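Asker: Following is a predicted model, sequence given first.
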Number of protein chains: 2
Amino acid sequence: MARRVASSAKRATVRDVAARAGVSPGTVSKALNGTGQISRETRARIVAAAEEIDFRPNALARSVFQRRSYTVGLITTDSFERFSVPVMLGAEDALGAGRISVFLCDSRDDPVREKHYVDVLLGRRVDGFIVTGRSSNERPPLDVSPDVPVVYALTPSSNPADCSIVVDDRAAGRVAGEHLIRLGRRRVGHVTGPTWFDAARRRASGLVEALASANVQLVADPLYGDWTEAWGRQATHILLRSVQDIDAIYCGSDVLARGVADSLRELGRRVPEDVALIGTDNWEFIATGARPPLTSVDLGLTAVGRLAAQRLLDAIEGHPHSGREHVPCHLVVRGSTDDPSFG
Amino acid sequence: MARRVASSAKRATVRDVAARAGVSPGTVSKALNGTGQISRETRARIVAAAEEIDFRPNALARSVFQRRSYTVGLITTDSFERFSVPVMLGAEDALGAGRISVFLCDSRDDPVREKHYVDVLLGRRVDGFIVTGRSSNERPPLDVSPDVPVVYALTPSSNPADCSIVVDDRAAGRVAGEHLIRLGRRRVGHVTGPTWFDAARRRASGLVEALASANVQLVADPLYGDWTEAWGRQATHILLRSVQDIDAIYCGSDVLARGVADSLRELGRRVPEDVALIGTDNWEFIATGARPPLTSVDLGLTAVGRLAAQRLLDAIEGHPHSGREHVPCHLVVRGSTDDPSFG
DNA sequence: ATGAAAGCGCTAACAC
DNA sequence: GTGTTAGCGCTTTCAT
């Protein structure tokens, strides 16, 4: 007693149930799992006995010889920030529905921590891993034997053969551009994050592409900066100073778009009447809090997580996927492009 | 072969190591765990053999008879939003350091889902649970047998005997009030969230208390509304219309404070020169993005998670804690109260 | 339809 | 020091 820690209170086992129901342990197993042939009556007796003593089969013992734990490791390099969270949510949701439990690991972008987590979880015999992070930039593959399924979500593996589920940044830019063209805007500017974010460059090229289809060019080179409201404000000043008749701005993030919206208002331009404004991420909180609420491209982060989970389950079942897969994005229209006077 | 799914590739066992090192399985166990007496030489041989075949002990098998899994369940009622995330981060951090793995569960505030998760994790023989949520409001206790340790983080159990780690909302209001008094402000207003948030009411009373110590009263009743920027803006108009010489506003959240800051600027009041402004939460992103950056009360959410983990570990070791424990908050001073001209 | 026995991978107690 | 044995809780042949 004194040698046992508090948590290890003995719980009911198949043997207890067997004794109570007057059968053998093997029979209990069959009855409760629906395997083998059991008479209707004994099964009822066994089920009753199990409930009476609150029997809960020990999943660990089962996993030992099933060679499967029905658990997966979810590794985020990025202290679950704004972007990894929806991904994790989607993954957890999809896995939980399949009765798979999820181990949460925050590697903090530290390879040593990551290795540690992988080792521990391998010891726990996880069936696979989902790896996620902050950006669309590539990351080195997880260092595990090839027979352990791994799916990368949001942040793809640098090995193109690995299964990676990512957002479609290029399409995001395109969707924004097409919307602006549809609205009849022709003097379009672009404000975004740092050039070393693949996402920023891809969104820009998607935008350029969409505009080109309508024979429109950006009024100025994309303004690359950092992902802050302050840069959004500053970039607006730069843009308006150099371009007189700008009538639309697409931003690489909602945060940037907020900064832009604030500066536009202060400079006397009306949104959307004078300048239509589109953000990216569809971060509810930011988009709806802005004045006016922001039209934004939703990248489908939750769907990324959900799909990653699906692909991982497939791989675990022996049907691995390979290569990168893009999740479609979609536009969410709000006041910053939806001019009520045109309604 | 065909009957095995991909993930169940056979991994090395103690027996394999034993064969390779020319010893018995029992000896391998002792050598690798540092138990029993083993000659320096054989141990070296065993360790070498283990590494050669990449042996990783099966934690599940070990847990079966150790009656401990070294895992805990982390249940959030709240799709890890802004408030639960730092808590979870802190918990994961503290537990990971103690070689405990964390199961992530998003109950979405649905009792049925919660029960499901608890059942599954009990089957996995978790050593305990941490339960977290969005608000400071009480929640019903988790429905598990009393010998399973549970710690509530952020959202306390309605049973006061349960171990709950919470933020100190009253102190938050007090800290803000004391800071304003120290700055020489005497005409203080308060804008906050809905009355049915315990946190809102407690912060208000803490503020009132601090002001009272300096013989100061609020210039108007606290303005209760919702936790949005829009309400922050609206409340500012209300306040300024009814009170002429207001010189400070404390807000129940940073989001509210942002709305207030925007309206103050637009109404021609300078922050902090004319009106000092304090928010709550210290949400980096919001606080630093505001103009000027917001002074804010940091509630210590990460510390809540970390402490909850610590308390849970204690309980698992047989030293349960009982009752509510408050984590101290602290003020983070930024431009909205820090008038450079007084520097 | 049910029971007995063997075994998953690991460790602890007891021999030698 | 090291090997042998038994057993954690569960499942799965194989008898009966």
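Answerer: Looks like it came in fine. Residues are numbered from 1 along each chain as shown, chains lettered A, B, ... in the order given.

Asker: so what pLDDT did A:F83 get?
Answerer: pLDDT recorded at A:F83 is 87.

Asker: list the contacts for it?
Answerer: Residues counted as contacts of A:F83 (CB atoms under 8 Å, 6 or more residues apart in numbering or on different chains) are A:R134, A:S135, A:L154, A:L301. In this view, the C-beta of every residue, glycine as well, is placed from N, C-alpha and C.

Asker: The second one: which element?
Answerer: With secondary structure defined by DSSP states H and E, A:S135 is part of neither a helix nor a strand.

Asker: Most neighbours among the contacts of A:F83, please name it.
Answerer: A:L154 (31 neighbours; other CB atoms under 10 Å in any protein chain shown).

Asker: That one contacts A:V167, correct?
Answerer: Yes. Between A:L154 and A:V167 there is a contact at 6.9 Å, judged by CB atoms under 8 Å.

Asker: So for the residue in chain A positioned nearest to DNA strand D, what's the pLDDT?
Answerer: DNA strand D sits closest to A:G26 of chain A, with a gap of 2.7 Å, by CB to the nearest atom of the strand. Reported pLDDT at A:G26 in the predicted model: 92.

Asker: Equivalent analysis for A:Q244, please.
Answerer: On pLDDT, A:Q244 comes in at 86.

Asker: and what of A:S7?
Answerer: For A:S7, the predicted pLDDT is 42.

Asker: circling back: which two in the contacts of A:F83 are spaced the farthest apart?
Answerer: Across these, the longest distance by CB to CB is 12.3 Å; it joins A:S135 and A:L301.

Asker: Need the residues touching each of those two.
Answerer: Among the neighbours of A:S135, those also in contact with A:L301 (CB under 8 Å, 6+ apart) are A:F83, A:L154.

Asker: Can you tell me what sits against stretch A:234-252?
Answerer: For stretch A:234-252, the external contacting residues (CB under 8 Å, 6+ apart) are A:173, A:176-177, A:180, A:183, A:185-193, A:199-200, A:203-204, A:207, A:219-220, A:223, A:225, A:227, A:232, A:256-257, A:259-260, A:263-264, A:267, A:269, A:274-280.

Asker: can you do 6 Å?
Answerer: Defining contact as CB atoms under 6 Å, 6 or more residues apart in numbering or on different chains, one finds that stretch A:234-252 is touched by A:176, A:180, A:185, A:187-193, A:200, A:203, A:207, A:219-220, A:223, A:257, A:260, A:263, A:267, A:275-280.

Asker: Also stretch A:40-57?
Answerer: A:A12, A:D16, A:V17, A:R20, A:A21, A:V28, A:A31, B:L122, B:G123.

Asker: Can you get me a residue count around the first one?
Answerer: Okay, so that is A:A12. Residues contacting A:A12 under the criterion other CB under 10 Å number 17.

Asker: One more: the third one?
Answerer: The local packing of A:V17 (other CB under 10 Å) involves 27 other residues.

Asker: show me the contacts for it.
Answerer: Applying CB under 6 Å, 6+ apart to A:V17 gives the contacts A:V28, A:A49, A:A50, A:F55.

Asker: Average pLDDT for stretch A:156-172, rounded please.
Answerer: Across stretch A:156-172, the average pLDDT comes to 98.

Asker: which residues touch that stretch?
Answerer: A:136, A:138, A:140-141, A:151-153, A:199, A:202-203, A:206, A:280, A:297, A:299, A:304, A:307-308, A:311, A:321-322, A:324-327, A:329.

Asker: 7 Å - rerun?
Answerer: Residues from elsewhere that reach stretch A:156-172, judged by CB atoms under 7 Å, 6 or more residues apart in numbering or on different chains: A:136, A:138-141, A:150-154, A:199, A:202-203, A:205-206, A:280, A:297, A:299-300, A:304, A:307-308, A:311, A:315, A:320-329.

Asker: If we check chain B, which of these are in contact?
Answerer: Residues of these in contact with chain B (CB under 7 Å from any CB of the partner chain): A:A315, A:P320.

Asker: Can I have the buried ones of the contacts of stretch A:156-172 as a PyMOL selection?
Answerer: To isolate the buried subset of the contacts of stretch A:156-172 in PyMOL, counting by 16 or more other CB atoms under 10 Å in any protein chain shown, use the following:
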select buried, chain A and resi 136+138+139+141+150+151+152+153+154+199+202+203+206+280+297+299+300+304+307+308+311+315+320+321+325+326+327+329
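
Asker: just checking, which of the contacts of stretch A:156-172 belong to strands?
Answerer: Secondary structure from DSSP state E places A:V150, A:V151, A:Y152, A:A153, A:T280, A:V297, A:R324, A:E325, A:H326, A:V327 of the contacts of stretch A:156-172 in strands.

Asker: before we move on, back to that, can you work out which residues contact both of A:L154 and A:V167?
Answerer: Common neighbours of A:L154 and A:V167 (criterion: CB under 7 Å, 6+ apart): A:V304.

Asker: Point out where the stretch 151-300 of chain A drops to low pLDDT.
Answerer: Residues of the stretch 151-300 of chain A meeting the criterion pLDDT under 70: none.

Asker: measure the residue most central in space within chain A to A:V327 for me?
Answerer: Central residue of chain A (CA atoms, centre = their mean): A:V87, 1.6 Å from the mean position. A:V87 sits 10 Å away from A:V327, going by CB to CB, to the nearest Å.

Asker: Also A:H319?
Answerer: Per CB to CB, A:H319 is found 20 Å from A:V327.

Asker: Mind putting the contacts of A:F83 into a markdown table with distance to A:D162?
Answerer: Converted to a markdown table, these look like this (distance: CB to CB, whole Å):
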| residue | distance to A:D162 |
| --- | --- |
| A:R134 | 18 |
| A:S135 | 17 |
| A:L154 | 14 |
| A:L301 | 20 |
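
Asker: Nearest to DNA strand C, out of those residues: which one, please.
Answerer: DNA strand C has its nearest neighbour among these in A:L154, at 33.8 Å by CB to the nearest atom of the strand.

Asker: A:V304 is in contact with the closest one, correct?
Answerer: Yes. Using CB atoms under 7 Å, A:L154 is in contact with A:V304, at 5.6 Å.

Asker: Need the residues touching each of these two.
Answerer: Common contact partners of A:L154 and A:V304 (CB under 7 Å, 6+ apart): A:V87, A:V167.

Asker: Now do the phi/psi pair for A:I75.
Answerer: Main-chain dihedrals, A:I75, degrees, to the nearest 10: phi -110, psi 120.

Asker: contacting residues around A:H321?
Answerer: Residues in contact with A:H321 (CB under 7 Å, 6+ apart) are A:C163, A:R311, A:D314, A:A315.

Asker: Please identify which two of the residues you listed are farthest apart in space.
Answerer: That would be A:C163 and A:D314, which, of those, are the farthest apart (CB to CB) at 9.1 Å.

Asker: Please, where are all the helices along chain A?
Answerer: Ranges of helices in chain A, per DSSP state H, are A:14-21, A:25-33, A:40-52, A:59-66, A:84-97, A:111-123, A:169-182, A:198-212, A:229-242, A:254-266, A:284-289, A:301-316.

Asker: quick one, which of the ones you listed is nearest to B:R108?
Answerer: Per CB to CB, nearest to B:R108 of the helices of chain A: helix A:84-97, 8.8 Å.

Asker: what about that closest one, near chain B?
Answerer: Yes. Shown here: helix A:84-97 in contact with chain B (CB under 7 Å from any CB) through A:V85, A:L89, A:E92.

Asker: Kindly tell me how buried the first one is, as a neighbour count.
Answerer: When you say that, I think you mean A:V85. Neighbours of A:V85 under the rule other CB under 10 Å: 23.
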